[in-house]
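Chemist: next comes the sequence, and after it the predicted model I'd like to discuss.
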Amino acid sequence: MFALRLIGFVFTAFYIILLGRVIFSWVPISSRSPALVELRSFCYRVTDPLLQPIRRLLAPYQKNSPMDFSPLVLFVLLSIVERILLP
């Protein structure tokens, strides 16, 4: 029971971090705010290992698109994995 709750917490935390990354990609951050710069850096460091392979797979389909759909794909994939692991 504890393990399932821990897994659920990890997924929720990652969803929040991924959402933070999406928001940080839209909003410019001033270097005069070191806390926000560090938070943005943390979000990018945590999510990049999962987003990079998705970006490579989507690259041929996003050649002329200014939008990066890799976070959306990652949200969907994580949701599927979470539903499989957590009944």
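Modeler: It's in. Here the structure is a predicted model, which means the values were calculated and not measured.
Chemist: quick one: residues contacting Gly20.
Modeler: 39-40, 43 (C-beta atoms under 8 Å, 6 or more residues apart in numbering). Quick note: C-beta positions are derived from backbone N, CA and C, even for glycine.
Chemist: among those, which ones are in helices?
Modeler: The members of the contacts of Gly20 that map onto helices under DSSP state H are 39-40, 43.
Chemist: out of those, who's the most crowded?
Modeler: Neighbour tally across these (other C-beta atoms under 10 Å): the maximum, 20 neighbours, falls on Cys43.
Chemist: quick check: closest non-adjacent residue to Val46.
Modeler: Ile17 (5.2 Å; C-beta to C-beta, 6 or more residues apart in numbering).
Chemist: closest one of the contacts of Gly20 to Leu6?
Modeler: Nearest to Leu6 out of these is Cys43 (C-beta to C-beta; 21.5 Å).
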